[in-house]
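1. After the sequence you'll find the predicted model.
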Amino acid sequence: MKISEKGMSEQAVLAQLEAFRKDDLKWQEGRAFGYVFDPGKDVMAVGKRAYNAFLSENGLDFTVFRSLQRLERDLAAFGARHLRGDEHVVGNFSSGGTESIILAVKAARDYHREKRPDIKCPEMILPTTAHAAFHKAAHYLDINVVSVAVDPQSFKVRADDVRQAITANTIMMVGSAPSYAQGVIDPITELGDIALEKDLWLHTDACMGGFLLPYFKRLGEPVPDFDFSVPGVSSISMDLHKYAYSPKGASLVLYRHKNLRQHQIFACSSWIGYTIINNAVQSSKSGGPMAAAWAVLNYVGDTGYLEIARKNLAAVKKIAAGIEAIDGIRLLAQPQMSLVAFTSDTVNVFHIIDEMNARGWYIQPALSFDNSPAHIHLSINASNVGWEKDLLKDLEACVRTAATLPEGDLVKMVRGGLEQIDLENVSDEDIKGLLAMAGIGEGSLPDRMAGINGVLDALPAKAREKILTSFVNDLFVQ
Ligand SMILES: *Cc1c(COP(=O)(O)O)cnc(C)c1O
């Protein structure tokens, strides 16, 4: 792009921006089971107004924007109470689950650098269901990941398996409440016992569940302890931009004690310029997300959230039961919150997704990995309430249609061709060939994704990662 010579009118720029959105996911109706957590027009309007009001304030320096310091302390104090922490629990606001997780991993790393200088190659034990953000944190912060398979039936990690994975270099263990993929809660209490016994850092990833699970518990659901009530838990991540329905860019990272959080903070006075003290990864940052989160939390209020949770829970139960009743598909696990995963032993799930997509639904594909088969994921939120019947009706029809579609020569070819390709060392040429076979030209995506998903699914994870990296590197060019 070359920017306009003399500037465009406000109307023209806004109209152009609007036009860019025409092929975006249509989440407004409530038929998207992911990406956007929509609490309804009125709540969203309040969030947007608060966001706008604080858009220009800069979180870079809370000594000059004292309102932002106040908001961050309020939000962290709310998080500490919500997650049953005592008066020692502290926390900070971040831009999202990924940033909260990176911060907690950094804090754990630097805490151990001080306490255990003998550890030169720190290790973090991750169940295979731990969110990719932990792998990103490990990648950024140079920590070795020790992967532990989850139980093939429940998809929860077994505490004993985690114990077995502990070495002299272990600094950190992770459990999810719930895990994104199957929506089940790891045995945090048992992991907490191990953490205390072995003097290790335990992080609960409650990005999805931290806000909602306490409400489900109040509604009578059997929610196991996952929060600061478990003595071994050192830190917790809890997103506000998911089930608290704050506008995006809102998460909290909380610590049992400020002695742990201390290692999260970055101060720099070793340059010629202003003094830097950052709580989080970003430096200059808008006050918008924080103000919006504060506004939405207080606008909806406790009883409001309980009501939203009640309806959400009912929708989850209807959808989960409905899926179980459809021939040809099955739940991977009984959802412990609002995330539903299902698969098929007879029908290609990627075809089901394409068929549903053609009918105006967005449901999410997940590739097979380790002992988890390729499956379909639904994150059910307030905006989906009321759509249960239609979803299930279309799903049943789409499973039937998908059953008639061929798996595709492509996937067969890829499976056959895999022997020829050195998967640990896929070349750019191999990648281009595979993408072309899947109907992907340079920088373009096909309407139906079953081909590409099938190809990716047939490849080992390292090869997938290489292909995706190369694809995106080609996508973001002039
Ligand atoms: C969404 C999510 C994350 C990552 O959060 P972002 O806000 O997308 O960065 C981490 N863990 C779990 C369990 C999640 O659901």
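-> Cool, got the structure.
2. where does the chain dip in pLDDT?
-> 408-411, 414-415, 417-424, 431, 437-444 (pLDDT under 70).
3. Please parse it into its domains.
-> Following automatic domain parsing, one finds the domains of the chain at 51-295, 301-402, 409-475.
4. And the residue in the stretch 251-400 of the chain that the ligand sits nearest to, how far from Glu72?
-> Nearest residue of the stretch 251-400 of the chain to the ligand, counting by C-beta to the nearest ligand atom: Ser251, 5.9 Å away. For glycine as for every other residue, the C-beta is placed from the backbone atoms N, C-alpha and C. Noted for Ser251: a distance of 12 Å to Glu72, by C-beta to C-beta, to the nearest Å.
5. ok, and does the host helix or strand of Glu197 reach over to the ligand?
-> Assigning secondary structure by DSSP states H and E places Glu197 in helix 188-198. No: counting by C-beta under 6 Å from any ligand atom, the ligand has no neighbours in helix 188-198; the shortest distance is 13.2 Å.
6. tell me what that helix is packed against?
-> helix 159-165, strand 170-176, strand 201-205 (3 or more C-beta pairs under 8 Å, 6 or more residues apart in numbering; DSSP states H and E).
7. Ile353 reaches Ala450, doesn't it?
-> Yes: here Ile353 reaches Ala450: they are 7.3 Å apart, a contact under C-beta atoms under 8 Å.
8. hmm, back to that, the residue of the stretch 251-400 of the chain closest to the ligand pairs with what?
-> Ser94, Asp239 (DSSP bridges).
9. Would you mind confirming that it is in contact with Ala244?
-> No: contact criterion C-beta under 8 Å: Ser251 and Ala244 do not qualify, at 9.7 Å.
10. Who has more neighbours out of the two?
-> A direct count of neighbours by other C-beta atoms under 10 Å for Ser251 and Ala244 places Ser251 higher, at 31 against 26.
11. For Ile353 and Ala450, indicate the residue with more neighbours.
-> Each of Ile353 and Ala450 has its neighbours counted (other C-beta under 10 Å); Ala450 has more, 26 against 23.
12. any idea how far Val347 is from that one?
-> 11 Å.
13. what does Gly232 give?
-> 43 Å.
14. Go ahead and measure how far the helix holding Glu197 is from the middle of the chain.
-> Centroid separation for helix 188-198 versus its chain: 24 Å, with C-alpha atoms, centre = their mean, to the nearest Å.
15. Likewise for stretch 248-264?
-> Counting by C-alpha atoms, centre = their mean, stretch 248-264 comes out at 18 Å from the chain centroid.
16. Any idea how far apart the tips of that stretch sit?
-> 22 Å (C-alpha to C-alpha, to the nearest Å).
17. Okay, buried residues for that stretch please.
-> 248-256, 260-261, 263-264 (16 or more other C-beta atoms under 10 Å).
18. Just the ones in strands from the residues you listed, please.
-> 251-255 (DSSP state E).
19. which one of the residues you listed is nearest Leu332?
-> Ser251 (26.4 Å; C-beta to C-beta).
20. In this structure, what residue comes closest to the ligand?
-> Gly97 (2.2 Å).
21. related to what we said a few turns ago, now tabulate the domains of the chain in JSON lines and tack on distance to Val13.
-> Converted to JSON lines, the domains of the chain look like this (distance: least, C-beta to C-beta, whole Å):
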{"stretch": "domain 51-295", "distance to Val13": "17"}
{"stretch": "domain 301-402", "distance to Val13": "28"}
{"stretch": "domain 409-475", "distance to Val13": "25"}
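22. what's the closest of those domains to Asp38?
-> Comparing the domains of the chain by C-beta to C-beta, domain 301-402 comes nearest, at 3.7 Å.
23. which bits of this structure sit near the ligand?
-> Counting by C-beta under 6 Å from any ligand atom, the chain sits next to the ligand at 96-98, 131, 133, 176, 180, 205, 207-208, 239, 251.
24. Could you work out the most separated pair of these?
-> Going by C-beta to C-beta, the pair spanning these furthest: Gly96 and Ser176, at 16.0 Å.
25. So for the two, which residue has more residues nearby?
-> Legend: neighbour count by other C-beta under 10 Å for Gly96 and Ser176, higher for Ser176 (31 against 20).
26. ok, now which ones touch the residue nearest to the more buried one when sequence neighbours are not counted?
-> Excluding its sequence neighbours, the residue lying closest to Ser176 (C-beta to C-beta, 6 or more residues apart in numbering) is Asp205, at 4.6 Å. Contacts for Asp205 (C-beta atoms under 8 Å, 6 or more residues apart in numbering) come out as 97, 101, 130-131, 134, 174-177, 236-237.
27. And Thr275, by the same measure?
-> Contacts of Thr275 (C-beta under 8 Å, 6+ apart): 267-269.
28. how near is it to Leu60?
-> 11 Å.
29. Nearest to Leu126, out of the helices and strands packed on helix 188-198?
-> strand 170-176 (5.5 Å).
30. chain center to that closest one, what's the gap?
-> The answer for strand 170-176 is 17 Å, by C-alpha atoms, centre = their mean.
31. go on, stretch 393-412?
-> Distance, centroid of stretch 393-412 to centroid of chain: 28 Å (C-alpha atoms, centre = their mean).
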